[in-house]
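> can't give you the sequence, but here's the structure:
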């Protein structure tokens, strides 16, 4: 099969692939590629077909049938196959950066707030009684003090986020 013959078959293959691709759920380019591959295999094994245009049409329909069979057997994932229970490396890096920024902001809070917010963020998950005992304040004043400190932290973080945004 000559290069001129292959060039002459290209428009026919493109038209046949466009006509069959939609019905079999394939992209026309994928269907074309599968037929070109089949033609190369054919040329290597048996030589050029006697009727190239007829062979090409039959090959397109055969690949389209194969695509339909494959599409029927494929099932969509019900859930993401990756393990969603553990964050990926990108998410871990972002969470760690956020954690560092939060702890840096907590360190800049006034008065007893750094110790109070650090105790609230503790992985040990202490009770209000334990936090009050650690800070040496009454358990009843812990709620209002917590509200005041979280308000300061919220304003501090809002100012940092606003300062970091680009404008214009």
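Noted; the coordinates are in hand. Treat the numbers as computed from the prediction; the structure is a model and nothing was measured.
> How is this structure divided into domains?
Domain assignment for the chain, taken from automatic domain parsing, gives 3-73, 91-164.
> could you give the mean pLDDT of the shortest one?
For domain 3-73, mean pLDDT is 91.
> What strand or helix carries residue 159?
Counting by DSSP states H and E, the element that carries residue 159 is helix 139-164.
> list the buried ones in that helix?
By neighbour count on 16 or more other Cβ atoms under 10 Å, the buried set for helix 139-164 is 142, 145, 146, 148, 149, 152, 153, 156. C-betas here are computed from N, CA, C, even on glycine.
> min pLDDT across the residues you listed, which one?
Within the buried residues of helix 139-164, pLDDT is lowest for residue 156, at 87.
> Return the member of the buried residues of helix 139-164 nearest to residue 78.
Closest approach between the buried residues of helix 139-164 and residue 78, by Cβ to Cβ: residue 153, at 40.9 Å.
> so what's residue 115 up against?
Residues in contact with residue 115 (Cβ atoms under 8 Å, 6 or more residues apart in numbering) are 134, 135.
> Need the three-state assignment for it.
Put simply, residue 115 is helix when judged by DSSP: H, G, I helix; E, B strand; the rest coil.
> What does the pLDDT read for it?
pLDDT at residue 115 comes out at 92.
> likewise residue 166?
pLDDT, read off for residue 166, is 59.
> Check the offset of stretch 4-14 from the chain's centre.
Offset of stretch 4-14 from its chain centre (Cα atoms, centre = their mean, to the nearest Å): 39 Å.
> So which bits of that stretch are buried?
9, 13.
> Show me what the helix holding residue 159 is packed up against.
Judged by 3 or more Cβ pairs under 8 Å, 6 or more residues apart in numbering; DSSP states H and E, helix 139-164 is in contact with helix 89-107, helix 113-121, helix 128-135.
> Tell me the one among the buried residues of helix 139-164 nearest to residue 126.
Nearest to residue 126 among the buried residues of helix 139-164, with distances taken as Cβ to Cβ, is residue 142, at 11.0 Å.
> so who does that closest one touch?
Residue 142 sits in contact with 116, 128, 131, 132, 135, where contact means Cβ under 8 Å, 6+ apart.
> Next, find the distance separating the nearest residue to residue 134 once chain neighbours are set aside from residue 133.
Ranked by Cβ to Cβ, 6 or more residues apart in numbering and with sequence neighbours excluded, the top spatial neighbour of residue 134 is residue 119, at 6.1 Å. Applying Cβ to Cβ, to the nearest Å, the value for residue 119 to residue 133 is 10 Å.
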